[in-house]
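Q: pasting the structure only:
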């Protein structure tokens, strides 16, 4: 099994795609007006409008998944990313902070309220883990 994609459902897909393009520095490929993807060499971030959820079944349009999920990105310098992202993010939840497990972490929200974590390994153990 291989994890290939993470899908975010958005009430305003154009705003969400623009946010992620700026936040992670990739250009989205639009497949329909309700579905776009930003791809890296390891995973794709798919963004779908709430209308796409109707294709999966009844009563799936509203989701509160953002309350217990964090989308994480490994970045080379979290403090530099903070300077870039603080004007873009709808809310900075936690400014860059070194966590007990050895990552320096920045937590913020996207336009739909999803939690995003940009992190940089800083302890010897964390650096080894991600090299």
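A: Ah, there it is. All values derive from a computational prediction rather than experimental measurement.

Q: Show me where this structure dips below the pLDDT cut-off.
A: 58-68 (pLDDT under 70).

Q: Which residue ranges of it form helices?
A: Across the chain, reading from the start of the chain, the helices by DSSP state H fall at 13-24, 50-53, 78-85, 124-130.

Q: Can you lay out those as TSV showing mean neighbour count and distance to residue 118?
A: No exception for glycine: its C-beta is placed from N, CA and C like everyone else's. Conversion of the helices of the chain to TSV gives the following (neighbours: other CB atoms under 10 Å; distance: least, CB to CB, whole Å):
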stretch	mean neighbour count	distance to residue 118
helix 13-24	18	8
helix 50-53	17	26
helix 78-85	16	5
helix 124-130	12	13
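
Q: which residues does residue 118 contact?
A: By CB atoms under 8 Å, 6 or more residues apart in numbering, the contact list for residue 118 reads 72, 73, 75, 78, 81, 82, 85, 105, 106, 108.

Q: and if you look at residue 70?
A: 107, 115, 116, 117.

Q: Just grab the bridge partners of the second one for me.
A: Judged by DSSP bridges, the bridge partners of residue 115 are residue 70, residue 109.

Q: burial measure for it, as a count.
A: A count of nearby residues for residue 115, using other CB atoms under 10 Å, gives 18.
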